[in-house]
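# Could you work out the structure for the sequence below:
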Amino acid sequence: MSGIESDETPSRARAAAFRAVLFFAFWLAISGWKATDLPVGLAATAAATWASLALMPPTGARVRFGALAALAAHFLRGSVLAGFDVARRALSRDLDLNPGFVTAPLRLPPGNARNAFCALASLAPGSLPVGIDGDTLLLHCLDVAQPVASYLAAQETLFIRALGDE
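Below is the predicted model:
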C-alpha cells in the first residue's frame with residue numbers, strides 16, 4: 001500500500017462517518033424515533049452515504065469554523081446595511097437609483113466553490129449576479145456608485161478562508 005492510499009483512506013473514512021451521521025440525523029428528523037423503522041433508516045443512511053461519496057468524493061478541504069463565523073458576520077452586516085439602503089431608496093420620494101452593471105474579478109476557480117460563492121453573492125440586497133465571463137462576475141446593481149466590487153472581493157476572501165483554501 002502506497003503512502004497516498006493510506007493518507008486517502010482515513011480521510012475517506014472520516015468523510016463517510018461524518019456524512020453517515022448527518023444523513024442518519026436527517027432521517028431521524030423526518031421519520032421520527034420509531035425503533036421498528038430503524039433498519040430502514042440504517043439502509044437509507046448507508047445508501048445515501050455511498051451515493052454521496054460516489055458523486056462527491058472527499059477533497060481533503062476542511063471548513064474553518066472561525067473563518068466561517070467571520071464570513072457569516074460580514075455577510076449579515078452587509079445584508080442589513082444593504083437592506084436599509086434599498087428600503088431607504090424605495091421609500092424616498094425621488095428614487096435615488098443609479099442602476100447598471102458592475103464587474104468584479106473572481107479568485108475562485110470554476111467549480112462548486114465558485115458556484116456556491118455566486119449563490120451567496122446573490123443573497124445581498126441591491127445587487128444580483130447575472131453572469132460570469134472568464135474570471136469576472138457581472139452584477140446588476142441598484143447604484144453603481146456603491147463599492148460593490150470591493151465588498152464582493154472582501155466577501156470572497158472570507159469565503160476562501162472558510163473553505164480552508166488560504
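# buried residues in the helix or strand Phe101 falls within?
Assigned by DSSP states H and E, Phe101 belongs to strand 100-105. Taking 16 or more other Cβ atoms under 10 Å as the neighbour-count basis, strand 100-105 is seen to contain the buried residues 102, 104. Every residue, glycine included, has its C-beta placed from N, CA and C.
# Next: stretch 154-166.
In stretch 154-166, residues buried by neighbour count (16+ other Cβ under 10 Å) are 155-163.
# out of these, who's nearest Pro105?
Taking Cβ to Cβ as the measure, Pro105 sits nearest to Glu156 out of those, at 9.0 Å.
# for the protein, what's the longest helix?
Among all segments of the chain classified by DSSP state H, the helix with the greatest residue count is helix 3-31.
# now for that one, which elements pack on it?
helix 38-55 (3 or more Cβ pairs under 8 Å, 6 or more residues apart in numbering; DSSP states H and E).
# so where does the residue lying closest to Arg161 once chain neighbours are set aside fall, helix or strand?
Residue nearest to Arg161 in three dimensions, not counting chain neighbours: Ala67, with 3.9 Å by Cβ to Cβ, 6 or more residues apart in numbering. Secondary structure assignment for Ala67, by DSSP H and E: helix 65-91.
# Please identify the buried residues of that helix?
Of the residues in helix 65-91, those buried (16+ other Cβ under 10 Å) are 67-68, 71, 74-75, 78, 82, 85-86.
# Perfect, I'm done here.
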